[in-house]
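# When you get a sec, could you give me coordinates for this:
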Amino acid sequence: MIYDISMPLREGMPVYDGNPPYRRVITHVLGRDGAPVNQSRFELGAHCGTHIDAPLHFEKEGSTVDAVPLENLVGPARLLHFLQQDCIDRTDLEGLDWTGVDRVLFRTRNSDHWVRSNTFDRNFVYLTGPAAQFLVERRIKLVGIDSLGIEKFGSPDHPAHHALLRAGVTILEGLYLIDVPVGDYTLFCGPLRVLGGEGAPARVLLVTR
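Numbering: from 1, shown residues only. A predicted model of the protein is given here:
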């Protein structure tokens, strides 16, 4: 079974507060004015829809998208469901079995919001700083979540981002995890190879093992 857990790019889709909206502009229509093709142009922010954060996003001397290790982006991953919480804290993670887990994805009530609304929800479920530090201690390579930001909205000091990015952990945001069961999968995450970029949109697949 292959699950496409990428958020569809579409006009009117939710974007993080202050980020530019997604637009697809038609530049050529086949047969119109002699055009031999259909063609369009995309306008979007680097953190639109499903995307990764590279260390440069929050760290002044951080590495860029094109330098993210490929082994962070492809390999075994565990999907966990936290459907009742308003946040994921260290205590939610400490009692779980982390044996052999290199990459982890979190499915929350955030995924359901993308079905119901075109608006950004400031009260999205997020990862706390202590939870992020726990994942760093577990030597996790990639952390994914179904919100457009992994950090609590309005956080003044961004502890989750700093903990993960300073440790070289890839952050994957904006996942679409409706109808994807808890379990172990093989993750394929393909961010655009943006030279010097602090983030990039990504196509992400989960394959049952």
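
# Check which helices and strands the least confident helix or strand in the chain by mean pLDDT sits against.
In the chain, no helix or strand scores lower on mean pLDDT, DSSP states H and E than helix 110-116, which sits at a mean of 87. Applying 3 or more CB pairs under 8 Å, 6 or more residues apart in numbering; DSSP states H and E, we find helix 110-116 packed against no helix or strand. C-beta here means a position set from N, CA and C on the backbone, and glycine is covered the same way.

# following that helix, which helix or strand comes up?
strand 126-127 (DSSP states H and E).

# can you give me the helices for this structure?
70-73, 90-94, 110-116, 129-137, 159-166 (DSSP state H).

# So which other helices or strands are in contact with the second one?
Based on contacts counted as 3+ CB pairs under 8 Å, 6+ apart, the elements that helix 90-94 packs against are helix 129-137.

# rerun that using 10 Å as the cut-off
strand 103-107, strand 126-127, helix 129-137 (3 or more CB pairs under 10 Å, 6 or more residues apart in numbering; DSSP states H and E).

# could you dump the ones you listed to a markdown table with distance to residue 82 and mean pLDDT?
A markdown table is the format used below for the helices and strands packed on helix 90-94 (distance: least, CB to CB, whole Å; pLDDT from 0 to 100):
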| stretch | distance to residue 82 | mean pLDDT |
| --- | --- | --- |
| strand 103-107 | 6 | 98 |
| strand 126-127 | 10 | 98 |
| helix 129-137 | 10 | 98 |
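
# To residue 170, which of these lies closest?
strand 103-107 (8.5 Å; CB to CB).

# what's that closest one packed up against?
So strand 103-107, by 3+ CB pairs under 10 Å, 6+ apart, packs with helix 70-73, strand 74-81, helix 90-94, strand 142-145, strand 170-173, strand 183-191.

# Let me know the angle separating it from strand 183-191.
Strand 103-107 and strand 183-191 are oriented at 100 degrees to each other (axes from the mean of the first three to the mean of the last three CA atoms, to 10 degrees).

# Go through strand 103-107 and flag the buried ones.
Within strand 103-107, the residues scored as buried using 16 or more other CB atoms under 10 Å are 103, 104, 105, 106, 107.

# just stretch 42-50 next, same as before
44, 45, 46, 47, 48, 49, 50.

# Could you do stretch 62-69 as well?
Here stretch 62-69 shows 62, 64, 65, 68 as buried, counting by 16+ other CB under 10 Å.

# Who does residue 106 form a beta bridge with?
residue 80, residue 145 (DSSP bridges).

# Sorry, slip of the keys, the one I care about is residue 42.
With DSSP bridges as the rule, residue 42 is bridged to residue 24.

# ok, so what distance separates it from residue 74?
For residue 42, the distance to residue 74 (CB to CB, to the nearest Å) stands at 25 Å.

# Return the residues in contact with the spatially most central residue of the chain.
By CA atoms, centre = their mean, the chain has its centre lying nearest to residue 173, at 1.7 Å. By CB atoms under 10 Å, 6 or more residues apart in numbering, residue 173 lies in contact with 7, 16, 47, 49-53, 110, 143-151, 199, 202.
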